[in-house]
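Asks: Structural data only, the sequence is not supplied:
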DNA sequence: AATGAATGAGTCTTCATTCAT
DNA sequence: GATGAATGAAGACTCATTCAT
């Protein structure tokens, strides 16, 4: 799918607003204003608000998958280090695309059917498959324990990052980090989240419990 | 605050719908129809849709806090067992109040200010404090390691449960559990989630990593 | 018509609010709150908002007519002095019952039919008749000129007072009388209005023009 | 401010209805129907009912001021004739714009603040200033008496015309003019009002009283 | 291709009134 | 008799979308 410059403008405005205010909380007028385009252009280009959402989703998730896949394939490392690299990638990616991630979290809650739900499911499956491969590889090599509940480990991986993303302002407030510049704060929580998840994965994958 | 039977009816309808379709995606007409009351009753009792949300929140979170507190205080057990009991409670509670939990997840993303945000923050603080006490107690007794990052452990606790709740239908689908009756399925994931989280906590709190 | 204490309370609240915000701009809830009575009592006592208006009107205009009539009949003076006394009475009355007068001004504009319109018309006719008698008496005695356009003189009498009442705050502002206590200000404009109208009537009734 | 044809249509419908039924008594649906436009157009063009009122006011009062000013400046006549010309203009103008005038009368009673009140006050001030100039000119030339209470003379000028406008149907009824065609009736009362006011002004400005 | 104008359906809220007690 | 609860109708306004140009 090729998108014109204006279409990208619109989709990016939509992404930001959908993330901040939800799909229903965002009006096409909002989007048009934020994108700096004429109101009628949105229907004109995308047909409807719903279709805009779908297009934006396709646009973003294309963008998404590739990065991860190439990353994994290129590295040839011991299983644990691979897992750790993958965690870093995950954290990095979700943190970088916070807006999009928020939209996914929302959409998962609402829509069990429809094209977007399908896309999310597809993404999930692919990513889960990837991790599964990595863990199986580690188990074959004897580095990882047997009997790992991979789906629930994924729940923790994504759930923890989601939680960090959606409640970062509470974390900031509670820890008195109001005045820290946002880029620094982002770096901080990214580092901490990565570290935290790595300890969990290491513990679960390698130690007896 | 005392609520009449009708008010509770309305609040429960609102909770269900807000959870399913979001605040903006739910019309007061929806709520009125679902609750089986006249449309105007909602404004009559609560003043506005927003105020209804706030009242529902207060109603539910009252309900929330007490259960946890009394539970913790009453048990006199070794720290790890206490933690495990708390995880069970947490999982149980969030799973039981899935609707309410979904609303919280949503609201956290949108609203950093306003009365609801305040209530959530308050809830979070209290619960976090409780866990902190438990962990400190374990550390004092020598059962738990030092240097635990409690806030991030909380992120994992809540984040994992949230993830399970919001993506349960994917889990169901992927694992081919379409035909399992919902109560059974709920029991299943509750058990698995509890088990999973306990392994993580045990590993993080007691083992060297 | 006999009115209970509560009914009077309601009618007086209604009068004040109708004068200030108009009939349509005033809700029965406003009236109930201002009167300190239960909302349902208004419909209960008066049947409807409209009927409340009518009752209030009847209540007030009863009050109105009598004062004027007795005043006029009792005085035995030269015609010009009678006219002057009448002007004083008129000014005094309208100024004292500003709220009611405002309502009349409004209602005249809106409703050409209906019971209230009838009442106003009746009031007007009676008062006009009175003045007519006075002027005819003066003409017969040779004190007043012939060919007076009585209806238009009435227009000036009432119109001027109305204008003073409805624009008093402009007058106050323009003349820098913000800080004068209201009772003093009322006295001032009452005096000035009376004086002004008397000059006009004297000029029109007695001088060649 | 430039208004499109449709905007003018709406404003004129609004003017008529506001005059007849008051601001609160007129619904935007009424206005839309009367103007023959879609209901949503009103919000589309003006934002709100209130803003429509303000725009209509600005539109009409622009229209208003100029006529008077140019009229006065262009004539080079003895003071009394100027005053008489001004009275004619005033009567003519207010009679022609009866709807707008009614709205002003109403608004003065309700709203002491807000943008409309400001506009009225401005109009009043300008017109009053004009008359003041004229009278001062006449006094300087020795044609008019000293000690004229100009504000109250204005009250009589505007108040009388207002009274004629708002009670014209009573006048008609009382004088048995039901069957006279309205244009004729309007001409009649315009002539009578002008004549009446001129006598008053002449008497007050030039005779000893 | 791009847009200002327009609209029907829908939003939340308030209204005056009535009912059951 | 007096009133809290309840309601249908109507209020102003916003929405996503379409149309004529």
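Replies: That came through fine. Since this is a predicted model, take the numbers as computed values, not measurements.
Asks: After the lowest-mean-pLDDT helix or strand in chain A, which helix or strand is next?
Replies: Sorting the helices and strands of chain A by mean pLDDT, DSSP states H and E puts helix A:49-74 at the bottom, at a mean of 77. Using DSSP states H and E, the helix or strand that follows helix A:49-74 in sequence is helix A:79-96.
Asks: just how off-centre is that following helix within its chain?
Replies: Computed by CA atoms, centre = their mean, to the nearest Å, the chain-centroid distance of helix A:79-96 equals 12 Å.
Asks: Show me what counts as buried in that helix.
Replies: A:79-80, A:82-95 (16 or more other CB atoms under 10 Å in any protein chain shown). (C-beta placed from N, C-alpha, C; glycine too.)
Asks: Against which helices or strands is it packed?
Replies: helix A:49-74, helix A:114-141, helix A:150-166, helix A:182-206 (3 or more CB pairs under 8 Å, 6 or more residues apart in numbering or on different chains; DSSP states H and E).
Asks: re the thing from before, just the buried residues of helix A:79-96 now: which is nearest DNA strand F?
Replies: residue A:94 (27.1 Å; CB to the nearest atom of the strand).
Asks: Hmm, that closest one is touching residue A:165, no?
Replies: Yes: Residue A:94 lies in contact with residue A:165 (CB atoms under 8 Å); the separation is 6.6 Å.
Asks: Tell me which of the helices and strands packed on helix A:79-96 lies nearest to residue A:99.
Replies: Residue A:99 sits nearest to helix A:49-74 of all the helices and strands packed on helix A:79-96, at 8.9 Å, using CB to CB.
Asks: Output the below-cut-off pLDDT ranges for chain A.
Replies: Applying pLDDT under 70 to chain A flags residues A:1, A:63-75, A:111-113, A:208-209.
Asks: How about the contacts made by the most centrally placed residue in it?
Replies: In chain A, the centroid-proximal residue (CA atoms, centre = their mean) is residue A:94; its distance is 3.7 Å. Counting by CB atoms under 8 Å, 6 or more residues apart in numbering or on different chains, residue A:94 touches A:101, A:158, A:161-162, A:165.
Asks: ok, back up a step: what's the most buried one of the helices and strands packed on helix A:79-96?
Replies: Mean neighbours per residue, mean count of other CB atoms under 10 Å in any protein chain shown, is largest over these for helix A:150-166, with a mean of 24.
Asks: could you give the angle of it to helix A:79-96?
Replies: 40 degrees (axes from the mean of the first three to the mean of the last three CA atoms, to 10 degrees).
Asks: Which elements pack onto helix A:150-166?
Replies: helix A:79-96, helix A:98-110, helix A:114-141, helix A:182-206, helix B:98-110, helix B:150-166, helix B:182-206.
Asks: gap between the last one and the chain center?
Replies: What that stands for is helix B:182-206. Taking mean C-alpha positions (CA atoms, centre = their mean), helix B:182-206 and its chain are 15 Å apart.
Asks: Does that helix reach chain A?
Replies: Yes: contact of helix B:182-206 with chain A (CB under 8 Å from any CB of the partner chain) involves B:192-193, B:196, B:199-200, B:202-204.
Asks: which pair in these spans the largest distance?
Replies: B:192 and B:204 (18.7 Å).
Asks: measure residue A:148 to residue B:91 for me?
Replies: Distance from residue A:148 to residue B:91, counting by CB to CB, to the nearest Å: 20 Å.
Asks: and if you look at residue A:207?
Replies: 23 Å.
Asks: go on, residue A:116?
Replies: From residue A:116 to residue B:91 the distance is 28 Å (CB to CB).
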